[in-house]
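Visitor: just to be clear, the model below is a prediction. Sequence and coordinates:
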Amino acid sequence: MEEMIRYSVIENKNPREIVLLKGHRCTWGRCAFCDYIDDNEDNEEEMIKFNKEVLGNVTGFKGVLEVINSGSVFELPKETLSEIRDIVHSKGIKLLFFESYWSYRHRLDEIREFFGVPIVFKNGVETFDDYFRNNVLKKGTVFSGPEEVAKYFESICLMVGIKGQTKEMIDYDMDCLKKYFKRGCINVFVDNSTDIKSDPELINWFREKYGYLDKEPNIEVLWNITDFGVGGTL
């Protein structure tokens with residue numbers, strides 16, 4: 001198994017440090033496109049020890065830290081959350097980024113109160129096409145539309161370039177992102193161990209039409225899954 005990269009510094013757009021930690025199993029865990037669920041851990045003691053080592057790399061660069069895991073911030077051990085909070089204070093972190101699954105949307109204030117600094121919560125919408133999101137990608141998230149998501153999350157993650165996805169779906173997703181959300185991350189799908197496959201023709205079309213998003217300050221496009229400098233092949 002290739003060694004996963006767990007710490008990186010993003011120096012260009014939205015400079016920050018980023019760490020990839022281990023958490024308990026994802027509360028949903030049935031997304032058809034995700035094989036990162038295998039990065040979860042059952043042994044909490046080992047998980048805490050592992051995360052502490054990864055977090056030891058944090059320097060306080062730009063005062064911004066993004067913490068990701070294969071799931072949500074709520075699935076990280078309490079000891080790991082306390083470790084992050086200590087780092088926030090000791091390293092002068094002024095802004096945190098966390099991921100959260102839709103089912104945790106009513107609990108976000110728990111995390112805000114625990115850390116006491118501004119937090120940007122990222123939610124993996126993947127697409128606003130309800131059928132494709134839930135019947136193809138098996139995301140398990142139901143909402144009325146982008147307006148409802150925007151009530152809870154200022155940043156969303158979208159996926160593009162999947163077989164079965166259409167240009168019209170992607171156009172609508174891009175419109176929703178720009179209209180309703182302050183920030184966004186677009187993941188160009190790369191084939192992995194799941195049965196979901198990429199559509200190279202659709203990806204080329206997206207690159208031609210939406211390549212300009214690389215210059216948008218609050219939209220990040222991941223042309224490869226490791227563009228943030230963390231991750232790898234499980």
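Guide: Structure's in. What do you need?

Visitor: pull the longest strand from this structure.
Guide: The longest strand of the chain (DSSP state E) is strand 119-126.

Visitor: neighbouring contacts of the helix or strand just after it?
Guide: Toward the C-terminus, strand 119-126 is succeeded by helix 130-131 as the next helix or strand (DSSP states H and E). With CB atoms under 8 Å, 6 or more residues apart in numbering as the test, helix 130-131 has contacts from Val142. (Each C-beta comes from the backbone N, C-alpha and C, glycine too.)

Visitor: and helix 130-131, how far out from the chain's middle?
Guide: Chain-centre distance of helix 130-131: 20 Å, with CA atoms, centre = their mean, to the nearest Å.

Visitor: can you give me the strands in the chain?
Guide: Going by DSSP E, the chain shows strands at 7-10, 16-21, 64-69, 95-99, 119-126, 155-160, 183-188, 219-222.

Visitor: and the second one, what does it pack against?
Guide: Using 3 or more CB pairs under 8 Å, 6 or more residues apart in numbering; DSSP states H and E as the contact definition, the elements that strand 16-21 packs against are strand 7-10, helix 44-55, strand 64-69, strand 95-99.

Visitor: before we move on, back to that, got a markdown table for the strands of the chain, with mean neighbour count, mean pLDDT and distance to Asp86 too?
Guide: Rendered in a markdown table, the data for the strands of the chain read as follows (neighbours: other CB atoms under 10 Å; pLDDT from 0 to 100; distance: least, CB to CB, whole Å):
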| stretch | mean neighbour count | mean pLDDT | distance to Asp86 |
| --- | --- | --- | --- |
| strand 7-10 | 18 | 97 | 17 |
| strand 16-21 | 22 | 97 | 14 |
| strand 64-69 | 22 | 97 | 12 |
| strand 95-99 | 21 | 98 | 13 |
| strand 119-126 | 21 | 98 | 16 |
| strand 155-160 | 22 | 98 | 25 |
| strand 183-188 | 21 | 98 | 26 |
| strand 219-222 | 20 | 97 | 28 |
